[in-house]
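Student: For reference, the sequence and a predicted model appear below.
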Amino acid sequence: MELSHKDLLGIEQLTAQEISLILDTAVSMKEVSAREIKKVPTLRGKTIISMFYEPSTRTRTSFEIAGKRLSADVINISASSSSVVKGETLEDTGRNLQAMNPDLLIVRHACAGAPKLLADALPTPVINAGDGSHEHPTQALLDAFTIRERLETLAGRSVLIVGDILHSRVARSNILLLNKMGAAVRVCGPLTMMPRAVEQLGVEYVPCLTDAVRDADVIMMLRIQKERQQGARFPNEREYSRFFGLNRAVLRHARGDVLIMHPGPVNRGVEISPDVMSLPYSIILDQVTNGVAVRMALMYLLTGK
Amino acid sequence: MELSHKDLLGIEQLTAQEISLILDTAVSMKEVSAREIKKVPTLRGKTIISMFYEPSTRTRTSFEIAGKRLSADVINISASSSSVVKGETLEDTGRNLQAMNPDLLIVRHACAGAPKLLADALPTPVINAGDGSHEHPTQALLDAFTIRERLETLAGRSVLIVGDILHSRVARSNILLLNKMGAAVRVCGPLTMMPRAVEQLGVEYVPCLTDAVRDADVIMMLRIQKERQQGARFPNEREYSRFFGLNRAVLRHARGDVLIMHPGPVNRGVEISPDVMSLPYSIILDQVTNGVAVRMALMYLLTGK
Amino acid sequence: MELSHKDLLGIEQLTAQEISLILDTAVSMKEVSAREIKKVPTLRGKTIISMFYEPSTRTRTSFEIAGKRLSADVINISASSSSVVKGETLEDTGRNLQAMNPDLLIVRHACAGAPKLLADALPTPVINAGDGSHEHPTQALLDAFTIRERLETLAGRSVLIVGDILHSRVARSNILLLNKMGAAVRVCGPLTMMPRAVEQLGVEYVPCLTDAVRDADVIMMLRIQKERQQGARFPNEREYSRFFGLNRAVLRHARGDVLIMHPGPVNRGVEISPDVMSLPYSIILDQVTNGVAVRMALMYLLTGK
């Protein structure tokens, strides 16, 4: 079986079978990073260009490590050093990079749709590494991998997502994926951070966190993106934390073995209290580890064949 | 045959034979980038340091890809993260890098002569990747490669260069190269952008674009470098475009198969209209593809033997 | 024999035997950089993450070259592009990077203790590449290597360090190392740049430079860190240079074969006059060459076994 699209632009395009293919492939990729010699020759002689137009450590690093462990050549381009300065359109930048015969482009951009623009213009496969408030499909895939690793299956699981559902590309991609895989999704957060008809996304909205956590198999906390909050959607961080932060008091209403996730970077003490981060069922760092495996799988599936 | 200088500082130093050697070597290098596995072991264990003191995507990326496809280790240094901050002279920075035993330095700098300064001080070969308004020899070589690929020979061809001849290092290197290879060069552009005695460069100046394009085999449009225009050399972009922009109306005065080139990044609708960019004889993206091949050839010729 | 700590945080932790082990290992590593093919497969499949939270060319480049010559994959993270922007704690950044299974972290940070914080939190080895005014152990090790290369042994040698002893991590690490290896250390510089009870560091303070150089085997000039001088510790550079700059007049009081060292980048004409920099016994560039060898040795000793 193969992926039916040349690109990974969003979870929206993927079928449940394709999602399973990616997650199954990631299982064997994860094994590579556990070896003494963490490198396989799969993508030797392939050129991967990583274009990050928003600052990022973990995602960029995760892709770079994934590419290098597959023996690809990885070229980094960041916004500041790029032709952006010189006023070239993204599409022209893409066409120029295309002309250097890359095998894969990784694109993060503040504008929703930027990766699609490139993907439509170019024959080279494009992976969306996060575009505005649209999608962050590799995050949703690594989250799914992490849940499946613990709970074996996504179907029938109950997943709660807490935070700024309106602006979060992580939430959007996760909701799409979990729905496709048969999980039930609940969301919680301030009303000002909910899309208008949130139920139409196929989720249940529960305004109060202590109600929302009840019987959930997984709690995903979203990051409060201080750098994106223009205009106050909540009074202040302390207030947010009091009503929507995850702490031991809230967890008393949840299952004892509820899995706790966060896409990072965490604002400690805002979305999640430090003691909760180090609980045995907090699998935040598993997500990071699995990110490398999922990205290796995608690189292999999109270019390696 | 070998290159007689240890460095590539400008077209000025090269003989016609050396130019042909570089272009011939690039033919076989181009084939590497077309393979399934785009990598040869030629420069394995060689260290290439790429020093870009001006922002650049395409040129830096082109050199990095060229080096990696030859299996060299490529180290990137950019101005912002460098000792420039600490007030070290360029020559001392060079001597320090030299002490780490690199095999090749790639240097872009806003000051004309900076690569020569390093080349004179250091035993390591230096490639000038563009220095101020002086030279950009790898651009001229890739342009020559691209013309030769289409027209078989440079000798006897008529090439028109349009734009800021006074400040353009691309124009300077191209004029030098085309003269050495026996092509006839015509230039066009506002009088404020012409060197004083422009004919002494071995070119013909034709003030009007519709006259200038007549019978040309190749039209090279130069980039309007908004970031370098201090003091107005032309009223505004619209005005410039009206008199010196390439569009279909102008092309009616040219040969039907005239080749259209641009070193990029293009200011769409200023130097060149979007519909002209996508004409079959527009070979702007071929230039980019050939840039990797020409740079691989130079890396091989300067270090690989 | 092996190093007893998983990290290299400072010279303070090392025994004389461990220092000798590192220097002995560096001898064979130096030979690699002198070969035609400067690469050995020792660390193939290992992931080294280099985190520089302060600008640096030479040290970052030296580590990157060292890692690549050992065939490791080297991932660069700089402060500006990192999650620092997003307000994540250093420890959380470290834990996240740890989750991607690196084999070694290289850390430079403006805060003393930052590398130790990471080292304590993470199982991965950490090399301190300079932390605030605390330590810069790889600099001291490469200085020791360079002295040993010329004088065969450190024991019994007399080393003079000139400059801002109070704030210099280079001075601190060198004093610790030289004391452990049995060398005698003298320091010189303005009183405002001396720690309060400087003799308790195991050094002799000589206020006047012409007295201080007498009979020294080695003179190490420290860099005046203009970027760190908040509040004037000396009237101005010219004044500093007049009393504490090394020039031919001062050298007339020293041994004819005294070795002259500087950790770079040099402020020419401030700490050291240009003609002195090019004397035969000036071994400033040897230090840079040996930096690559010493860092290769440390990478091998901390991860390669």
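Tutor: That came through fine.

Student: which stretches of the stretch 1-150 of chain A form strands?
Tutor: Under the criterion DSSP state E, counting those that start in this stretch, the stretch 1-150 of chain A contains strands at A:47-52, A:73-78, A:104-109, A:126-131.

Student: Any idea which of those gets closest to C:S168?
Tutor: C:S168 lies closest to strand A:73-78 among those, at 32.7 Å (C-beta to C-beta). Where C-beta positions appear, they are placed from N, C-alpha and C, glycine not excepted.

Student: helices or strands up against the closest one?
Tutor: Here strand A:73-78 touches strand A:47-52, helix A:58-69, helix B:58-69, going by 3 or more C-beta pairs under 8 Å, 6 or more residues apart in numbering or on different chains; DSSP states H and E.

Student: Turn the strands of the stretch 1-150 of chain A into a markdown table, columns for mean pLDDT and mean neighbour count.
Tutor: Formatted as a markdown table, the strands of the stretch 1-150 of chain A follow (pLDDT from 0 to 100; neighbours: other C-beta atoms under 10 Å in any protein chain shown):
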| stretch | mean pLDDT | mean neighbour count |
| --- | --- | --- |
| strand A:47-52 | 97 | 25 |
| strand A:73-78 | 93 | 23 |
| strand A:104-109 | 97 | 25 |
| strand A:126-131 | 98 | 26 |
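
Student: As CSV, these with distance to B:R248 would be great.
Tutor: Output for the strands of the stretch 1-150 of chain A, formatted as CSV (distance: least, C-beta to C-beta, whole Å):
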stretch, distance to B:R248
strand A:47-52, 33
strand A:73-78, 33
strand A:104-109, 32
strand A:126-131, 32
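
Student: re earlier: kindly reformat the helices and strands packed on strand A:73-78 as CSV and extend each row with distance to chain C.
Tutor: Output for those, formatted as CSV (distance: least, C-beta to the nearest C-beta, whole Å):
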stretch, distance to chain C
strand A:47-52, 8
helix A:58-69, 4
helix B:58-69, 12
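
Student: Out of these, which gets nearest to A:S78?
Tutor: Across the helices and strands packed on strand A:73-78, A:S78 has its closest neighbour in strand A:47-52 (5.4 Å, C-beta to C-beta).

Student: For chain A, give the residue positioned nearest to chain B.
Tutor: Proximity of chain A to chain B (C-beta to the nearest C-beta) peaks at A:G45, 3.3 Å away.

Student: That residue is in contact with B:K39, isn't it?
Tutor: Yes: using C-beta atoms under 8 Å, A:G45 makes contact with B:K39 at a distance of 3.8 Å.

Student: Need the residues touching each of these two.
Tutor: A:D73, B:R69 (C-beta atoms under 8 Å, 6 or more residues apart in numbering or on different chains).

Student: In JSON lines, list the helices and strands packed on strand A:73-78 along with distance to A:M296.
Tutor: Shown next, in JSON lines, are the helices and strands packed on strand A:73-78 (distance: least, C-beta to C-beta, whole Å):
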{"stretch": "strand A:47-52", "distance to A:M296": "11"}
{"stretch": "helix A:58-69", "distance to A:M296": "4"}
{"stretch": "helix B:58-69", "distance to A:M296": "19"}
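
Student: A:E152: which of these is closest?
Tutor: The closest of the helices and strands packed on strand A:73-78 to A:E152 is helix A:58-69. By C-beta to C-beta, the value is 24.5 Å.

Student: what about dumping the CA coordinates of that closest one to CSV?
Tutor: Extracted in CSV, the C-alpha atoms of helix A:58-69 (Å, rounded to 0.1, in the frame of the first residue of the first chain):
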residue,chain,number,x,y,z
ARG,A,58,11.7,20.9,18.5
THR,A,59,9.9,20.5,15.2
ARG,A,60,12.8,21.6,13.0
THR,A,61,15.3,19.5,15.0
SER,A,62,13.0,16.5,14.9
PHE,A,63,12.8,16.7,11.1
GLU,A,64,16.5,17.2,10.8
ILE,A,65,17.3,14.3,13.0
ALA,A,66,14.8,12.1,11.2
GLY,A,67,16.3,13.0,7.8
LYS,A,68,19.9,12.4,9.0
ARG,A,69,19.1,9.0,10.6
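
Student: Report the inter-axis angle for that helix versus strand C:47-52.
Tutor: Calculated by axes from the mean of the first three to the mean of the last three C-alpha atoms, to 10 degrees, helix A:58-69 forms an angle of 140 degrees with strand C:47-52.

Student: Do me a favour and average the pLDDT over helix A:58-69.
Tutor: Helix A:58-69 comes out with an average pLDDT of 97.

Student: who does it touch, helix- and strand-wise?
Tutor: Where contact means 3+ C-beta pairs under 8 Å, 6+ apart, helix A:58-69 is packed against strand A:47-52, strand A:73-78, strand A:104-109, strand A:126-131, helix A:284-303, strand C:47-52, strand C:73-78, helix C:90-98.
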